[in-house]
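Colleague: Build me a structure from this.
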Amino acid sequence: QVQLVESGGGLVQAGGSLRLSCAASGRISSTYAMAWFRQAPGKEREFVAVIWWSSGSTQYADSVKGRFTISRDNAKNTVYLQMDSLKPEDTAVYYCAFNRWGSGPYYRKNSYDYWGQGTQVTVSS
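Modeller: This next block holds a predicted model:
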């Protein structure tokens, strides 16, 4: 089992910044990738960003490219999402996700084995 605990959400004005954190614990000796997804009211959960644990390579959704940065701290088993130039359309619950074996495309939520409880991000206009 793997436990993921997110933090850092909140209310911010458009143009502002937030930094989300996701701490992993449990059976994390094999970590292939970790990612952030988000879900706005009435919408499907969508991919935001992913980081491959060994290489540190990253990929982003087009909607956040150039504004969001995903990073990791291997020693702390923590992944971060730095969100800058926030827009009202970024308002959503943000979820951290864990992929142990690398199965499936990185942008599909079904590729991930464990999920955090989510943290609310609200961007006011």
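Colleague: ok, residue 81 touching residue 70?
Modeller: Yes. Between residue 81 and residue 70 there is a contact under CB atoms under 8 Å: 5.5 Å. All C-beta atoms are positioned from the backbone trio N, CA, C, and that covers glycine.
Colleague: Who has more neighbours out of those two?
Modeller: residue 81 (26 against 22; other CB atoms under 10 Å).
Colleague: where does that one land on pLDDT?
Modeller: You'll see residue 81 listed with a pLDDT of 98.
Colleague: Can you name the residues that contact it?
Modeller: 19-20, 22, 36, 48-49, 68-70, 94 (CB atoms under 8 Å, 6 or more residues apart in numbering).
Colleague: go on, residue 68?
Modeller: Residue 68 neighbours (CB under 8 Å, 6+ apart): 48-49, 60, 81-84.
Colleague: measure stretch 109-121 end to end?
Modeller: Terminal residues of stretch 109-121 are spaced 19 Å apart (CA to CA, to the nearest Å).
Colleague: Which residue comes closest to residue 7 once chain neighbours are left out?
Modeller: Distances taken as CB to CB, 6 or more residues apart in numbering put residue 21 closest to residue 7, at 5.1 Å, once the chain neighbours are dropped.
Colleague: any idea which element the one you found lies in?
Modeller: Element membership for residue 21, per DSSP states H and E: strand 18-26.
Colleague: For that strand, what is the distance to the chain centroid?
Modeller: Taking CA atoms, centre = their mean, to the nearest Å, one finds strand 18-26 lying 9 Å from the centre of the chain it belongs to.
Colleague: any shared contact partners between residue 81 and residue 70?
Modeller: With CB under 8 Å, 6+ apart, residue 81 and residue 70 have common neighbours 36, 49.
Colleague: What pLDDT does the model give the residue nearest the centre of the chain?
Modeller: Residue closest to the average C-alpha location in the chain (CA atoms, centre = their mean): residue 36, at 1.9 Å. According to the prediction, residue 36 has pLDDT 98.
Colleague: All set, thanks.
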